[in-house]
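Undergrad: how would this look folded up:
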Amino acid sequence: MTTDAGGGGLENLLRYTKAEVYGFEFSKDSAQFVNKKLSAYSKFHNVESQKIPMEHPDNFFDIITCLEVAEHCDDTALEKLKSECLRLLKPGGYLIVTVPNEEDLNDSSVCCPDCGCKFHTVQHIKSFSSESIVNAFGDGFSLIKVSATRFAEKGFRMKIMSFLLNANSFIYKRKKPHLICILKKA
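TA: Numbers count the residues shown, from 1 in each chain. Have a look, this model is predicted:
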């Protein structure tokens, strides 16, 4: 299952594998876009647009990806996301999380000219380090790997993520690489 399906980039790539692909997206419009784009593929199940908890049974998924999601969550939402991933993953299943690495949230903040409210240009509200991303998701999981990546390393996983992030050119302007955290459900 992929969380935050966005434009369906990962789902589109996974259709070339033997994987059954499910998606989750908070935006109803984005979910409809991905569903229309990928509806012809038999291993693709509609992207759901709903709130947590999801309707899937416990221990349903082998792998869950949360690519560029956690930085958009406040503490309460992040805890709900982690708990739902734990519930949905099969024992021994993998959770793959990516986030910007030690992002200075003020660097991408703008001010609304109407109300004066300050906000991040792509709605990031949290910044993570290697330590804090493990702390945020670690309970109930064993750590496989946490490392910096510029999404250009060799290997299938990195190629998928590189493809997904190419559309967001602002990512490559950042001085620090992103983090990838791979966890295994106990």
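
Undergrad: How is Cys85 assigned, secondary-structure-wise?
TA: For Cys85, the assignment made with DSSP: H, G, I helix; E, B strand; the rest coil gives helix.

Undergrad: Can you pull out the low-pLDDT segments for the chain?
TA: The chain contains residues with pLDDT under 70 at 1-17, 47, 49-50, 151-175.

Undergrad: SS state for Ser147?
TA: strand.

Undergrad: Which strand or helix spans the residue nearest to it when sequence neighbours are not counted?
TA: Leaving aside its chain neighbours, Ser147 sits nearest to Ile180 (6.1 Å; criterion: CB to CB, 6 or more residues apart in numbering). (Each C-beta comes from the backbone N, C-alpha and C, glycine too.) Using DSSP states H and E, Ile180 sits within strand 178-185.

Undergrad: Could you spell out the sheet neighbours of that strand, each with its direction?
TA: Partner strands for strand 178-185, per DSSP bridges, with pairing direction: strand 89-100 (antiparallel), strand 141-149 (antiparallel).

Undergrad: List of residues touching the last one?
TA: Taking CB atoms under 8 Å, 6 or more residues apart in numbering as the criterion, the residues outside strand 141-149 that touch it are 86, 94-95, 98, 101, 130, 133-134, 158, 161, 176-186.

Undergrad: got the CA coordinates for that strand in PDB?
TA: Output in PDB follows, covering the C-alpha atoms of strand 141-149 (Å, rounded to 0.1, in the frame of the first residue of the first chain):
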ATOM      1  CA  PHE A 141       9.300  -1.900  14.400                       C
ATOM      2  CA  SER A 142      12.900  -3.000  14.200                       C
ATOM      3  CA  LEU A 143      15.100  -0.600  12.300                       C
ATOM      4  CA  ILE A 144      16.600  -2.000   9.000                       C
ATOM      5  CA  LYS A 145      18.100   1.100   7.700                       C
ATOM      6  CA  VAL A 146      18.100   4.900   8.000                       C
ATOM      7  CA  SER A 147      20.300   6.900   5.700                       C
ATOM      8  CA  ALA A 148      20.600  10.000   3.600                       C
ATOM      9  CA  THR A 149      19.800   9.700  -0.100                       C
END
